[in-house]
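# Predicted model follows, preceded by the sequence.
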2 protein chains.
Amino acid sequence: MPSACLIVIGNEILSGRTQDKNIAWLARELNEIGVRLMEVRVIPDVTQTIVDTVNEVRAKFTYVFTTGGIGPTHDDITTNAIAKAFGVKLVRNQEAEAILQRHYGGKTLNAPRLKMAEIPADASLILNPVSAAPGFCMENVYVMAGVPSIMQAMFASIKHTLKGGAKMLSRTISAYVTEGNIAEELTAIQNRNPDVEIGSYPFFQERLGTSLVVRATDAAKLDAAYHQLKTMLLGHTQDVSEEDLAA
Amino acid sequence: MPSACLIVIGNEILSGRTQDKNIAWLARELNEIGVRLMEVRVIPDVTQTIVDTVNEVRAKFTYVFTTGGIGPTHDDITTNAIAKAFGVKLVRNQEAEAILQRHYGGKTLNAPRLKMAEIPADASLILNPVSAAPGFCMENVYVMAGVPSIMQAMFASIKHTLKGGAKMLSRTISAYVTEGNIAEELTAIQNRNPDVEIGSYPFFQERLGTSLVVRATDAAKLDAAYHQLKTMLLGHTQDVSEEDLAA
């Protein structure tokens, strides 16, 4: 299955000022097209850290997505760092400049805004229907805005160009049993179903319980494991639900 | 300033099933004691990935915190992976076993629960006042639960043992001006205040605006930069607020 790594670039996430909303959203979008998010890195606005991280992960994963740091201000250093990572120069992208000209009009297209049209040579643009300033793609690296609404609109414009594999399917079952009481049976079911990934998540909803998530690309194998889990849980309690009570 | 890296271990974050709540919480707690969160990695429940990641980052940062994967079920592989990373064996920790005995009573302390008393040799325990099963610390690596309420209680029990530096202070000012219109003045203020970190975050609250966050360890330098920003913003609009409208 094609793999992906997300690099979240921004001091505001690492300082705790901003609650990240991009990881879970992108993970679910990638699931839908059969690309598996295998790693996330949250890194600060430091050029060398961005360069090193991008160069490490673009060799490891099918796709790399970055969010953050492509605006007009002094702390927006991602575009320059990506050019460094690929060893290419920034050039004034004519298409990006035309987009910004249309959005801002000639008068307000000052130097900081024009900076957003400086894109690594040979990059292709990722359109931004929300606030015009585009992201871009260099080889397998997709550079997007950090603001969730803009990131989401950018991803929507490139989603159809990504090549996914078999879609990861999932089902969840919950019961008012504790993990420790079902752990041995759970291990046995996992061992009998090697092509299915079983995750166990405790929850507390008035009482302690456990949600079991099964994931697989094969629907028949998924269902088989699911029914083994259901039978096992019903051996402990009738209080079984198809909801994800731990989510 | 002492640095930290958080490793979030769990397929449930990478699948988008679970919205992470540990990054921002831990970041703010570390800020309070003068430790700076410099990187976060979200990685899957894969032993070799955990081993490699822990060994890479424990050499780079003052403190490493991990969350997730220390429960009784088959997918809880963090403890074993940490032992591998340090090249030590798991041993039955007498103190952990006594804690679990008290919590569960003799009858229900089955093999999966006893697994939670198998801790790397020479590790010290991190107490868990919520659900008994402890985390542990090996050198500069702190291994904690993934459930936010448990992680938070565990961190509270070790917070006083961490050695912080000067606390990072911050102030925020917001105004209904766009980033592009203030970017050049902002760069000039950043250049005049090299010991202060200025972050610029656009927001849309009925109208477009920008929140500016200043951070520094020196209160006088922080205030000086803050007042330069305020004067600059008031040159554009009277609509200035001390709230963080982009948060």
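Received it, and whenever you're ready, just let me know what you need. Here the structure is a predicted model, which is why all the values come from computation and not from measurement.
# For the helix or strand of chain A with the lowest mean pLDDT, list every residue counted as buried.
For chain A, counting by mean pLDDT, DSSP states H and E, helix A:94-108 ranks last in confidence among helices and strands (a mean of 88). For helix A:94-108, burial by neighbour count (16 or more other Cβ atoms under 10 Å in any protein chain shown) applies to A:96-97, A:99-100, A:104. For every residue, glycine as well, the C-beta is placed using N, CA and C.
# Can you tell me which of the residues you listed is closest to chain B?
For the buried residues of helix A:94-108, the residue nearest chain B by Cβ to the nearest Cβ is A:Tyr104; the value is 7.5 Å.
# mind checking pLDDT for the closest residue to that closest one other than its chain neighbours?
Nearest in space to A:Tyr104, with sequence neighbours left out and distances taken as Cβ to Cβ, 6 or more residues apart in numbering or on different chains, is A:Arg113 at 6.0 Å. Per-residue pLDDT puts A:Arg113 at 92.
# Wait, A:Arg113 touches B:Asn181, no?
No - shown here, A:Arg113 and B:Asn181 do not form a contact pair, counting by Cβ atoms under 8 Å, at 9.0 Å.
# Show me which of those two is the more surrounded one.
With neighbours defined as other Cβ atoms under 10 Å in any protein chain shown, A:Arg113 and B:Asn181 compare such that A:Arg113 has more, 23 against 18.
# So what touches the helix or strand where the more buried one lies?
Using DSSP states H and E, A:Arg113 sits in helix A:111-115. For helix A:111-115, contacts defined as Cβ atoms under 8 Å, 6 or more residues apart in numbering or on different chains pick out A:72-73, A:76, A:92, A:97, A:100, A:104, A:133, B:179-180, B:183-184.
# among these, which are in strands?
Filtering the contacts of helix A:111-115 for membership in strands, criterion DSSP state E, returns A:92, A:133.
# Find the residue at the geometric middle of chain A.
A:Leu26 (3.4 Å; Cα atoms, centre = their mean).
# now for the helix or strand in which it is found, which elements pack on it?
Using DSSP H and E, A:Leu26 sits in helix A:22-32. Under the contact criterion of 3 or more Cβ pairs under 8 Å, 6 or more residues apart in numbering or on different chains; DSSP states H and E, helix A:22-32 touches strand A:3-9, strand A:36-43, helix A:148-158, helix B:11-14.
# 6 Å - rerun?
strand A:36-43 (3 or more Cβ pairs under 6 Å, 6 or more residues apart in numbering or on different chains; DSSP states H and E).
# quick check, the strand it packs on touching chain B?
Yes - contact of strand A:36-43 with chain B (Cβ under 6 Å from any Cβ of the partner chain) involves A:37, A:39-43.
# what mean pLDDT does whichever helix or strand comes after the helix holding A:Arg113 have?
Downstream of helix A:111-115, the first helix or strand assigned by DSSP H and E is strand A:118-120. In this model, strand A:118-120 carries a mean pLDDT of 97.
# is strand A:118-120 up against chain B anywhere?
No - figure legend: strand A:118-120 not in contact with chain B (Cβ under 6 Å from any Cβ); closest approach 13.5 Å.
# What are the contacting residues of that strand?
Contact with strand A:118-120 is made by A:82-83, A:88, A:90, A:93, A:96, A:136, A:138, as judged by Cβ atoms under 6 Å, 6 or more residues apart in numbering or on different chains.
# okay, now the closest residue to A:Ala133 other than its chain neighbours: neighbour count?
The shortest distance from A:Ala133 to any non-neighbouring residue, by Cβ to Cβ, 6+ apart, is to A:Met116 (4.3 Å). When neighbours are defined as other Cβ under 10 Å, A:Met116 has 24 of them.
# what residue ranges in chain A are flagged as low confidence?
A:106 (pLDDT under 70).
# Would you mind naming what in it lies close to chain B?
Close to chain B, as judged by Cβ under 6 Å from any Cβ, chain A has residues A:11-12, A:14-16, A:19, A:24, A:27-28, A:37, A:39-43, A:71-75, A:112-113, A:179-180, A:183, A:186-187, A:190, A:199-200.
# PyMOL command to pick out the buried ones of those?
Selection of buried members from those for PyMOL, criterion 16+ other Cβ under 10 Å:
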select buried, chain A and resi 11+12+14+15+16+24+27+37+39+40+41+42+43+71+72+73+74+75+112+113+179+180+183+186+187+190+199+200
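# picking up where we left off before, can you tell me which of the contacts of strand A:118-120 lies closest to A:Ser3?
A:Met138 (18.0 Å; Cβ to Cβ).
# The closest one against A:Gly87, yeah?
No - at 10.8 Å, A:Met138 does not count as touching A:Gly87 under the criterion of Cβ atoms under 6 Å.
# Neighbour count for the two, which is higher?
A:Met138 (21 against 9).
# Specify the beta-bridge partners of that one.
A:Val141 (DSSP bridges).
# which residues sit in contact with A:Tyr142?
Contacts of A:Tyr142 by Cβ under 6 Å, 6+ apart are A:Phe65.
# and chain A, what are its domains?
Domain segmentation of chain A under automatic domain parsing yields A:3-161, A:169-241.
# Would you tell me which one of those domains is buried the most?
Greatest average neighbour count among the domains of chain A goes to domain A:3-161 (a mean of 19), per mean count of other Cβ atoms under 10 Å in any protein chain shown.
# centre of the chain versus it, how much separation?
Here domain A:3-161 is found 13 Å from its chain centre; the criterion is Cα atoms, centre = their mean, to the nearest Å.
# what about that domain, start to end distance?
One end of domain A:3-161 to the other measures 15 Å (Cα to Cα, to the nearest Å).
# swap in stretch A:68-80?
13 Å.
# Which residues does that stretch contact?
By Cβ under 6 Å, 6+ apart, the list of residues contacting stretch A:68-80 reads A:9-10, A:45, A:47, A:112-113, A:115-116, A:145-146, B:179-180, B:183, B:186-187, B:190, B:199-200.
# Having no further points to raise, I will conclude here.
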